[in-house]
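Participant: pasting the sequence and the predicted coordinates here, then a few questions.
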Protein chains: 2
Amino acid sequence: MLDNKENKRTSLEQLGEFGLIEHLTKHFVSEQQSTEKGIGDDGAVLDFKSNKVVVSTDLLVEGVHFDLSYMPLKHLGYKAVVVNISDICAMNAVPTQITVSIAVSNRFPLEALEEFYAGIQLASNYYNVDVIGGDTTSSQTGLIISVTAIGEAEEKDITYRSGAKDTDLLVVTGDLGAAYMGLQILEREKQVFLVNPNNQPDLEHYSYLIERQLKPEARKDIKALLYDLDVKPTSMIDISDGLSSELFHICKQSGVGCNVYEDKLPLDPQFINVCEEFNIDSTTIAINGGEDYELLFSIKMEDYDKIKGNPHLSVIGHIVPENEGLHIVTRENTKIPLKAKGWNAFKE
Amino acid sequence: MLDNKENKRTSLEQLGEFGLIEHLTKHFVSEQQSTEKGIGDDGAVLDFKSNKVVVSTDLLVEGVHFDLSYMPLKHLGYKAVVVNISDICAMNAVPTQITVSIAVSNRFPLEALEEFYAGIQLASNYYNVDVIGGDTTSSQTGLIISVTAIGEAEEKDITYRSGAKDTDLLVVTGDLGAAYMGLQILEREKQVFLVNPNNQPDLEHYSYLIERQLKPEARKDIKALLYDLDVKPTSMIDISDGLSSELFHICKQSGVGCNVYEDKLPLDPQFINVCEEFNIDSTTIAINGGEDYELLFSIKMEDYDKIKGNPHLSVIGHIVPENEGLHIVTRENTKIPLKAKGWNAFKE
């Protein structure tokens, strides 16, 4: 599980900053029509014609957002792209370009960065975004990754957090909580590995959960899906910090409240099994676990028939007036106030 | 010189990640016409109509790019904006928006980040750019800053590094080397301070150099100046890593060589005095010292009369065919090959 990164080592110092950028990005080809000039000048040049431009940015810090002892660098590169593209998708826009900056300590050989950039390239090909720039520098300790994602959309399609209205239905894509439980399994196996490095973990029963943690995907498909279903979402956000936290963002910015139904939360069978194995309440994790990178959105009640039965979409509740607050309705029909337990990077 | 940051401390943990972003950015108002939605959603929304969009990004790492023992946080925030805006100016574009992400260890109290953001706000007001997004997270050690700058320009105005032609004249704005000598003075005073903390440094003779290091400015004025002079630069780059390094970029991407004349390099009298005091060759520093954030550009020979005598502009040499290479011609009329001594963040 733990990579042996010692096989081949080329020091970063040998290449220098410009040599490094050139080396790492030489296979990147711009394919978006809106990219006029990518890497290689003081700035990239883009042309979006009459479309709106959507911009989002995220920082990923070693030891805070990822642990290289179980996160292969190629997966990390892939995930760094995905988490940013997810934000563009959450505006109901189409991702088109990214910039990737890294600060990296000298302990990383060139081959490690090549792995990281292979993941960047894999994701940028899969999501059809151009890598148009970035910066590469040294850090005194770990690896820090900064990605800025750019996308485009027609004005009429852009969806904010602030558009949810009373009686709208709340919908999530995919399922919830799996990425969080994937992390718990990886943490557990790391502890086992530290005690007995010869132990070969059997992770077959956890493959879906681990993949959700190590190689999440952004829901780039949802914009087209909703378009085909003739549904315009009234508000939208991506689930990075946990459903509860995202519900608070939507409700606060829309000036509304919501009821979410415990029995409507979409959970994967593997997720339910592992919650039992860990003796953790699956609803708590589905609500508060982060990093699912699914989309949460609201639609008008009259659009219900259009999305009913779609395997990608689950109606989990509805919007209520602001003074009614945010609640989860349990299987026993008890109303419990939701808490924004969103992840706080500054907590120890 | 060394700030006392202990006066008032509010821990970052108290605020949490969302509270922190909201607190730090609540005074930021979007003023650019192209900003439709700034901070507060998954992404910002911009509208550039028929203009091209220019994007550039830079990482600044504590201990690599800055030393907080003599860099006040407000200046650091200002400088983080400036170095990115400088890249947009170097495309002959107008900066319009920035995103600011920081990773910061718990040792920084809220008041320190407020200082940093006060500098961000000062610069964004001065340069008329909107802060449209960012990310705030914790780091295990120092402060890491990632800024992405966005600008706009008409297609005909955008200037690449690749457009220099044989016989074009090479022009720089402002003067060279001062920021590097400012750093040398600050480093010297830091050593004095460490030996004798009660020593009050007399920095009056060095004020210009220190300002060039601690509070550099981007040449946002040059696009308009050249427009008024009816001069279209054929290539352009900003001087962040040192004149020599930038000449190599222009020459490589344009497929040309150049001759630069030692006696034409624009040097400030204070810079010359301090080079003598430090017993350093001023030409070497003017060529290799970085962080001037002036612009280097080429113009057609026939435009010489239009810029002649302009106090902001100095013709320092001319473009030659590629096979002639890159040279500096000394005061004694000796031709010495230029070396790309650009700053390498990966060198110890």
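Facilitator: Right, received. Where do you want to start?
Participant: tell me where chain A has strands.
Facilitator: With strands called from DSSP state E, chain A shows them at A:35-37, A:44-46, A:52-61, A:94-104, A:130-138, A:144-153, A:169-173, A:235-238, A:256-261, A:295-299, A:313-321, A:326-329, A:335-337.
Participant: briefly note if the fifth one comes near chain B.
Facilitator: To tie it back to what came earlier, the one meant is strand A:130-138. Yes - under the criterion of Cβ under 8 Å from any Cβ of the partner chain, chain B is reached by strand A:130-138 at A:132-138. (Glycine included, C-beta is placed from N, CA and C.)
Participant: residues from the stretch 101-250 of chain A in reach of chain B?
Facilitator: Applying Cβ under 8 Å from any Cβ, we find that the stretch 101-250 of chain A lies next to chain B at A:101-103, A:106, A:132-142, A:144, A:146, A:148-151, A:155, A:158, A:160-162, A:236-238.
Participant: where in chain A is pLDDT low?
Facilitator: Where chain A drops to pLDDT under 70, the residues are A:1-8, A:15-18, A:341-348.
Participant: returning to that earlier point: so among the residues of the stretch 101-250 of chain A next to chain B, which ones count as buried?
Facilitator: In those, burial by neighbour count holds for A:101-103, A:132-139, A:141-142, A:144, A:146, A:148-151, A:158, A:160-162, A:236-238, counting by 16 or more other Cβ atoms under 10 Å in any protein chain shown.
Participant: how about the helices of chain A, start to end?
Facilitator: Counting by DSSP state H, the segments of chain A that form helices are A:12-25, A:73-89, A:110-126, A:178-195, A:207-214, A:222-228, A:243-254, A:269-277, A:282-288, A:304-307.
Participant: who does the second one touch, helix- and strand-wise?
Facilitator: The helices and strands touching helix A:73-89, judged by 3 or more Cβ pairs under 8 Å, 6 or more residues apart in numbering or on different chains; DSSP states H and E, are strand A:52-61, strand A:94-104, helix A:110-126, strand A:144-153, strand A:235-238.
Participant: of all these, which one is nearest B:Thr284?
Facilitator: Across the helices and strands packed on helix A:73-89, B:Thr284 has its closest neighbour in strand A:94-104 (28.9 Å, Cβ to Cβ).
Participant: mind listing what's buried in that closest one?
Facilitator: By neighbour count on 16+ other Cβ under 10 Å, the buried set for strand A:94-104 is A:94-104.
Participant: could you do stretch A:37-51 as well?
Facilitator: Buried-residue list, stretch A:37-51, by 16+ other Cβ under 10 Å: A:37-48, A:51.
Participant: and it, how far out from the chain's middle?
Facilitator: In this view, stretch A:37-51 has its centroid 25 Å away from the chain centroid, taken as Cα atoms, centre = their mean, to the nearest Å.
Participant: quick revisit: now, which of the buried residues of stretch A:37-51 lie close to chain B?
Facilitator: A:37, A:40-48.
Participant: any chance of CSV for these, columns distance to A:Gln200?
Facilitator: Converted to CSV, those look like this (distance: Cβ to Cβ, whole Å):
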residue, distance to A:Gln200
A:Lys37, 49
A:Gly40, 45
A:Asp41, 49
A:Asp42, 50
A:Gly43, 49
A:Ala44, 45
A:Val45, 51
A:Leu46, 48
A:Asp47, 52
A:Phe48, 51
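Participant: now, which of those sits nearest B:Thr283?
Facilitator: Checking those against B:Thr283 by Cβ to Cβ gives A:Asp42 as the nearest, at 25.3 Å.
Participant: from B:Ile85, how far off is that closest one?
Facilitator: Per Cβ to Cβ, to the nearest Å, A:Asp42 is found 11 Å from B:Ile85.
Participant: before we move on, what about A:Asn333?
Facilitator: Per Cβ to Cβ, A:Asn333 is found 57 Å from B:Ile85.
Participant: quick one, which of the two is more surrounded?
Facilitator: B:Ile85 (30 against 9; other Cβ atoms under 10 Å in any protein chain shown).
Participant: touching, A:Ile319 and A:Ser298? I think so.
Facilitator: Yes - using Cβ atoms under 8 Å, A:Ile319 is in contact with A:Ser298, at 6.0 Å.
Participant: which residues are in contact with both of the two?
Facilitator: Both A:Ile319 and A:Ser298 are in contact with A:164-165, A:168-170, A:254, where contact means Cβ atoms under 8 Å, 6 or more residues apart in numbering or on different chains.
Participant: quick check, nearest of those to chain B?
Facilitator: The closest of these to chain B turns out to be A:Ser254 (Cβ to the nearest Cβ; 11.6 Å).
Participant: now the closest one: closest residue in space, sequence neighbours ignored.
Facilitator: Leaving out its chain neighbours, the residue that sits closest to A:Ser254 by Cβ to Cβ, 6 or more residues apart in numbering or on different chains is A:Ala164, at 3.8 Å.
Participant: what about the one you found, how many residues close to it?
Facilitator: Other residues within reach of A:Ala164, judged by other Cβ under 10 Å, total 29.
Participant: same deal with A:Pro216?
Facilitator: A:Pro216 has 21 neighbours, counted by other Cβ under 10 Å.
Participant: residue contacts, it?
Facilitator: Counting by Cβ under 8 Å, 6+ apart, A:Pro216 touches A:79, A:82-83, A:179, A:291-293.
Participant: reformat these as CSV; add distance to A:Met71.
Facilitator: Output for the contacts of A:Pro216, formatted as CSV (distance: Cβ to Cβ, whole Å):
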residue, distance to A:Met71
A:Lys79, 8
A:Val82, 13
A:Val83, 13
A:Ala179, 13
A:Glu291, 12
A:Asp292, 17
A:Tyr293, 15
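Participant: compare those residues and tell me which is most surrounded.
Facilitator: Among those, A:Asp292 has the most neighbours (other Cβ under 10 Å), with 29 neighbours.
Participant: contacts only, for it.
Facilitator: When the contact criterion is Cβ under 8 Å, 6+ apart, the partners of A:Asp292 are A:174-180, A:212, A:216, A:239-240, A:243.
Participant: closest one to chain B out of those, please.
Facilitator: Of those, the one sitting nearest to chain B (Cβ to the nearest Cβ) turns out to be A:Ser240, at 9.0 Å.
Participant: residues near the nearest residue to the closest one once chain neighbours are set aside, how many?
Facilitator: Residue nearest to A:Ser240 in three dimensions, not counting chain neighbours: A:Gly290, with 5.9 Å by Cβ to Cβ, 6+ apart. Residues lying near A:Gly290 (other Cβ under 10 Å) number 20.
Participant: was I right to think A:Gly290 contacts A:Gly242?
Facilitator: Yes - counting by Cβ under 8 Å, A:Gly290 does reach A:Gly242; the two are 4.5 Å apart.
Participant: for beta bridges, what are the partners of the residue of the stretch 101-250 of chain A found nearest chain B?
Facilitator: In the stretch 101-250 of chain A, the residue that lies nearest chain B is A:Ser146 (3.7 Å; Cβ to the nearest Cβ). According to DSSP bridges, the residues that bridge with A:Ser146 are A:Leu59, A:Ser101.
Participant: what does A:Tyr261 give?
Facilitator: With DSSP bridges as the rule, A:Tyr261 is bridged to A:Val329.
Participant: before I go, just wanted to say thanks for your time.
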